[in-house]
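# Compute the structure for the input listed below.
(one chain, ligands or ions: 1)
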Amino acid sequence: MADLLSDDEIDAQLPDGWEREDDEIVRTYEFDDYLQGVSFAGDVGEVAEEQFHHPEIRIRYEEVEVRLTSHEEGGITDADIEMAELADEEYGG
Ligand SMILES: C[C@H](O)[C@H](O)[C@H]1CNC2=NC(N)=NC(=O)C2=N1
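The predicted structure is shown next:
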């Protein structure tokens, strides 16, 4: 089980574009059309499977919201930060 990050650690490690909402971190990615968002969601899902750390993914028209928390630990851990960085790589990739 990973350790919960402190408020200061979260603030320091939160990647650009991400926000903290209580025990979750969240980013909304924007796309030129709906199917680009669908494809991105699939890409993030594959990385999540590899990491075995799964975000909540909400697909909306021309945007996708990715929400992360560590359910077993009941808060935000390094696994969430790492998965956020990997999702950003899929977006920029
Ligand atoms: C049994 C438990 O669901 C698994 O160990 C994994 C699966 N994916 C997971 N994903 C996330 N976000 N948090 C978890 O605690 C988690 N646990």
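# so what does the longest helix seen in the chain touch, helix or strand wise?
Longest helix in the chain by number of residues, with DSSP state H as the criterion: helix 34-51. Counting contacts by 3 or more CB pairs under 8 Å, 6 or more residues apart in numbering; DSSP states H and E, helix 34-51 packs against strand 56-60, strand 63-68, helix 78-92. Backbone N, C-alpha and C define where each C-beta goes, glycine included.
# Return the set of buried residues in that helix.
Residues of helix 34-51 classed as buried by neighbour count (16 or more other CB atoms under 10 Å): G37, F40, A41, D43, V44, A48.
# Could I get these in TSV, plus columns for pLDDT?
Converted to TSV, these look like this (pLDDT from 0 to 100):
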residue	pLDDT
G37	98
F40	98
A41	98
D43	98
V44	98
A48	98
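# Relative to the ligand, which of the residues you listed is nearest.
Comparing the buried residues of helix 34-51 against the ligand with CB to the nearest ligand atom picks out A48 as the nearest, at 7.5 Å.
# Settle this for me: G17 is touching R27, isn't it.
Yes. Between G17 and R27 there is a contact under CB atoms under 8 Å: 5.2 Å.
# Which one's more surrounded, these two?
Residue environment comparison for G17 versus R27 gives the larger neighbour count to R27, 20 against 13, counting by other CB atoms under 10 Å.
# who's in contact with the more buried one?
Each residue near R27 by CB atoms under 8 Å, 6 or more residues apart in numbering is listed here: P15, G17, W18, E19, E65, V66, A84, A87, D88.
# is the fourth one in a bridge, and if so with what?
So the one you mean is E19. In this entry, E19 is beta-bridged to V26, by DSSP bridges.
# Hmm, it is touching E65, no?
No. Under the contact definition of CB under 8 Å, E19 does not touch E65, with a separation of 10.7 Å.
# which of those two has more neighbours?
E65 (16 against 10).
# Against D11, how distant is the more buried one?
Distance, E65 to D11, by CB to CB, to the nearest Å: 21 Å.
# Next: E89.
In terms of CB to CB, E89 sits 22 Å off from D11.
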